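> sharing a sequence plus its predicted fold:
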Amino acid sequence: LALGGDQFGERSSRSRRLKKAINLATNRLSKAGRIELHWLEPGQGDAAEVDRQIDRITAISGQSWKTRTGNSLDNAGPQAFLRRLSQHAHRRRWLSIWTLTLNELPIAMELQLIDEGCVFALRSDFDAAHDALSPGSYLGRYMLAKLLDRGLRRCLMGPGENLSQYRWADKAEPC
């Protein structure tokens, strides 16, 4: 699903229901402790920092619901692919990794490639033990705001349709 349009991600144009959900996720996380967002931006950091971030997101994925499917990033095949792709993307200045921590514990992540004004969302995970806090929703909201501040106006969210993605755009197209 590709999201875009003039009002992509603008909170003021989103539904009241979405705004309430954002506030609820923010309040839940705030009550649980100290929240920090970290963004390894395209072209930022060295190879060692990229490796540290890959270790971090691999650990988050290893605590996600995806462990039941065999698709979590702590499995040998997905991890090897992730590391190779990330090293290449970092050299090309495409790699974008977002993490959310709660009391210094990483609990949510998103891996992206960014090129020519487009965000290609590749993978997102959250620690299933924190599901009730909606860490993925919180991260998604603030991540989109930051990307919009950088002038990015198109986000390719991957194949398939996830109805929650439609809440962020006034236009969407299948991809």
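Received, thanks. The model shown is predicted, which means the values in this text are computed figures rather than measured ones.
> CA atoms for contacts and neighbours, from now on please.
OK.
> now do the contacts for residue 53.
The contact partners of residue 53, taken as CA atoms under 8 Å, 6 or more residues apart in numbering, are 40, 97.
> look at it and report its pLDDT.
pLDDT, residue 53: 96.
> so which residues of the protein form strands?
2-4, 35-40, 95-102, 105-115, 118-126, 154-156, 171-173 (DSSP state E).
> so which elements touch the fourth one?
When contacts are defined as 3 or more CA pairs under 8 Å, 6 or more residues apart in numbering; DSSP states H and E, strand 105-115 packs onto helix 47-61, strand 95-102, strand 118-126, helix 135-149.
> for residue 71, which of the ones you listed is the nearest?
Relative to residue 71, the nearest member of the helices and strands packed on strand 105-115 by CA to CA is helix 47-61, separated by 8.9 Å.
> how much space between residue 142 and residue 115?
Applying CA to CA, to the nearest Å, the value for residue 142 to residue 115 is 20 Å.
> residue 78 is nearest to which of the strands of the chain?
strand 118-126 (11.2 Å).
> pick out the residue nearest the middle of the chain.
Nearest residue to the geometric centre of the chain (CA atoms, centre = their mean): residue 110, 2.7 Å.
> quick check, pLDDT for it.
On pLDDT, residue 110 comes in at 95.
> hmm, residue 94 and residue 43 touching each other?
Yes. The criterion here is CA atoms under 8 Å, and residue 43 meets it with residue 94 at 7.0 Å.
> picking that back up, distance to residue 27 for the helices and strands packed on strand 105-115 - can I get that in a markdown table?
Shown next, in a markdown table, are the helices and strands packed on strand 105-115 (distance: least, CA to CA, whole Å):
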| stretch | distance to residue 27 |
| --- | --- |
| helix 47-61 | 22 |
| strand 95-102 | 13 |
| strand 118-126 | 18 |
| helix 135-149 | 10 |
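> lowest average pLDDT across those?
For the helices and strands packed on strand 105-115, where the average pLDDT is lowest is helix 135-149, sitting at a mean of 84.
> what does it rub up against?
Here helix 135-149 has contacts from 9-10, 22, 25-26, 29, 37, 98-100, 107-109, 124-126, using CA under 8 Å, 6+ apart.
> now do the buried residues in it.
For helix 135-149, the buried set under the neighbour-count rule, 16 or more other CA atoms under 10 Å, comprises 135-141, 143-144, 147.
> residue 80: which of the helices and strands packed on strand 105-115 is closest?
Comparing the helices and strands packed on strand 105-115 against residue 80 with CA to CA, the closest turns out to be helix 47-61 (10.7 Å).
> buried set for that closest one?
50, 53-61.
> equivalent analysis for stretch 20-37, please.
22, 25-26, 29, 35, 37.
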